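Chemist: Got a predicted model here, sequence first, then my questions.
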Amino acid sequence: MTAQSSPFGRVRHRSVGEVVARVAVAAGLGYDAYAHLDLAASFDANRAVISQGMLFRAEAVAAVLAALLVLLIRHRAAALFAVLIAGSALGAVLLYRYADLGAIGPLPDMYEPGWYPEKAYSAVAETAAILVAAALLFSGVDRQVPPPD
């Protein structure tokens with residue numbers, strides 16, 4: 001267990017499990033970002049007002065930001081942000097895998113009925129990030145332990 005002083009005079013303890021969980025969330029989000037950046041250029045032609053490539057790049061930036069927040073900030077808000085970002089990515093990949101919604105407003109038609117390795121690995125990484133970040137969210141990661149008397 002490691003201890004870290006807070007600016008308020010309390011000691012915050014970090015367990016090895018918490019550190020491992022944070023790294024796991026960041027790794028899942030990191031793969032999410034990598035996959036979206038790697039695939040973005042191949043989806044630039046699929047556009048309405050916004051191209052699918054632009055959406056992939058925005059997802060990658062959000063995933064990197066969420067990963068950094070989970071690694072650097074010990075607060076439930078960081079875990080919640082990670083759940084939301086990974087959840088939105090997983091929700092989109094599953095929705096557009098199984099439902100052909102067509103173009104919706106400024107969003108292009110992103111229906112893609114197949115699975116290929118990078119898409120499947122990304123879905124697994126996003127699922128893992130959601131589950132571990134949710135565990136962090138509900139584990140009370142931002143509770144501070146008062147110093148011993």
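Modeler: The structure has been received and is ready for your questions. Numbers count the residues shown, from 1 in each chain.

Chemist: Quickly note the distance from A41 to L131.
Modeler: 30 Å (CB to CB, to the nearest Å). All C-beta atoms are positioned from the backbone trio N, CA, C, and that covers glycine.

Chemist: Which of these two has more residues huddled nearby?
Modeler: Ranked by neighbour count (other CB atoms under 10 Å), A41 and L131 place L131 first, with 15 against 11.

Chemist: and that one, what pLDDT?
Modeler: Looking at L131, its pLDDT is 98.

Chemist: where's it, which helix or strand?
Modeler: For L131, the host element (DSSP states H and E) is helix 117-138.

Chemist: tell me what that helix is packed against?
Modeler: On a contact count with 3 or more CB pairs under 8 Å, 6 or more residues apart in numbering; DSSP states H and E, helix 117-138 meets helix 16-40, helix 76-98.

Chemist: Next, format those as CSV and append mean pLDDT.
Modeler: Below are those laid out as CSV (pLDDT from 0 to 100):
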stretch, mean pLDDT
helix 16-40, 96
helix 76-98, 97
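
Chemist: that older thread, so what's the gap between the helix holding L131 and the chain middle?
Modeler: Helix 117-138 has its C-alpha centroid displaced from the chain centroid by 7 Å (CA atoms, centre = their mean, to the nearest Å).

Chemist: cool, and stretch 130-139?
Modeler: With CA atoms, centre = their mean as the basis, stretch 130-139 stands 12 Å off its chain's centre.

Chemist: Contacts for that stretch next, please.
Modeler: When contacts are defined by CB atoms under 8 Å, 6 or more residues apart in numbering, stretch 130-139 is touched by residues 18, 21-22, 24-25, 28, 70, 76, 79-80, 82-83, 86-87, 90.
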